[in-house]
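Enquirer: Need a 3D model of the following:
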Amino acid sequence: MRVYPAFFNLVFSWMDPELAHTVGFAGIKLARRVGLGRVLHRLTRPDPGNEVHVMGLTFPSPFGLAAGFDKGATGTHALTDLGFGHVEIGTVTGQGQPGNPRPRLFRLVEDRAVINRMGFNNDGAEAVAPRVASALQSLAQDAARTHRARPVVGVNIGKTKAVGLEDATDDYVRSTRVLAPYADYLVVNVSSPNTPGLRQLQELDALRPLLRAVREEADRVTSWHVPLLVKIAPDLVDQDVLAVADLARDLGLDGIVATNTTIARDGLGLRSDAQDVIACGAGGLSGAPLRRRSLEVLKLLRGHVGEDLVLISVGGATSARDVIERLDAGASLVQGYTAFLYEGPFWAARINRGLRRAARRTPH
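Expert: Next up, the predicted model:
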């Protein structure tokens, strides 16, 4: 019997969603500070048989935590104690910024969904970089002690709101310069709906020079190849999805993260009250309603690029069955976030157990 749903209803359901996130994340970090991290890790760590080798990296599990939860690398190690094979930090911008006015995070519990218009609230690249470095050092020490693969830490970068679109490339390059030396991989986020004009950067004439400049800067400031991916919106029409894929191959990118949140509201109002949906206002929708489109984009991409690109699938994945479905459809890795809010701290551990059971049932 699972305890967390009752705990959520009792403690978090009445609380402002952003406050609930802050309180919950503080609890996760506190567990590590008081010495429970190692105990949790022994209970939740992925099976060695679930390791995934892509982009020159070893991921302890194909399932990881998407960008948005740990925006500032303040609890990265604590999150991996819960069983995530990787954590994607961010979105981080070149300059620190407070994000959009509150309220800016809304639950649609009946639909297992969230609408957010956070607006890339974060401390900025200069503040986040040393935290990423510290997390990597701590994770490496634990991996050496346990003789297991170190969880992977990716960094997701976006545009500072105050920077105009004409200067966006310089802003991304600034973040790359500071963060690339500490990132296991980098993701260029041009698909959030919550920074005005950002999605215009998905247009090929703007995206090509931006991605080329980030790739060149990452190579300049590191002595190794930092894998580079681009994160796209589910709202792109199929033709544009394929155009971005062709551009990624042409520029020698390592992969695509598909997909970000959606501005569509398809399917909402069937479970959630339509007026509640309207009251949430603008923002990106994530969670279960995004599942179908995210899977469509994944299949479209894999059918088009073959094995040329790593594909990280995100959007509506809740269970081990969902993760297996994405892997079977061609995902190299799978990420989740919204279901974490509803499933609780042992969500990743349950998915890892499901992956382990499925692997044991598969004939060799």
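
Enquirer: For residue 84, pull up the helix or strand it's in.
Expert: Assessed by DSSP states H and E, residue 84 sits outside every helix and strand.

Enquirer: In a helix, residue 79, correct?
Expert: Yes - under DSSP: H, G, I helix; E, B strand; the rest coil, residue 79 sits within a helix.

Enquirer: can I assume it is in contact with residue 70?
Expert: Yes - checked against CB atoms under 8 Å, the pair residue 79 and residue 70 is within contact range at 6.1 Å. Quick note: C-beta positions are derived from backbone N, CA and C, even for glycine.

Enquirer: Residue 189 bridge partners, please.
Expert: residue 231 (DSSP bridges).

Enquirer: Now do the shared contacts for residue 79 and residue 70.
Expert: Counting by CB atoms under 8 Å, 6 or more residues apart in numbering, the common neighbours of residue 79 and residue 70 are residue 87.

Enquirer: These two: who's more crowded?
Expert: residue 79 (27 against 23; other CB atoms under 10 Å).

Enquirer: so what's that one up against?
Expert: Here residue 79 is in contact with 28, 65, 69, 70, 87 (CB under 8 Å, 6+ apart).

Enquirer: pLDDT score for it?
Expert: pLDDT, residue 79: 98.

Enquirer: Over to residue 363?
Expert: 57.

Enquirer: repeat for residue 251
Expert: pLDDT, read off for residue 251, is 97.

Enquirer: Which residue is the nearest non-sequential neighbour of it?
Expert: Nearest residue to residue 251 in three dimensions, chain neighbours excluded: residue 211, at 5.4 Å (CB to CB, 6 or more residues apart in numbering).

Enquirer: unless I'm mixing things up, that neighbour is touching residue 253, no?
Expert: Yes - when contacts are counted by CB under 8 Å, residue 211 is listed as touching residue 253 (6.5 Å).

Enquirer: Could you tell me which residues touch both of these two?
Expert: Counting by CB under 8 Å, 6+ apart, the common neighbours of residue 211 and residue 253 are 228, 230.

Enquirer: picking that back up, just to be sure, the residue nearest to residue 251 is in a strand?
Expert: No - judged by three-state DSSP, residue 211 forms no part of a strand; its state is helix.

Enquirer: how about the helix or strand where residue 247 lies: buried residues?
Expert: Assigned by DSSP H and E, residue 247 belongs to helix 238-251. By neighbour count on 16 or more other CB atoms under 10 Å, the buried set for helix 238-251 is 241, 242, 243, 244, 245, 247, 248.

Enquirer: which residues does the first one contact?
Expert: Read that as residue 241. Residue 241 touches 232, 258, 297, 300, 301, counting by CB under 8 Å, 6+ apart.
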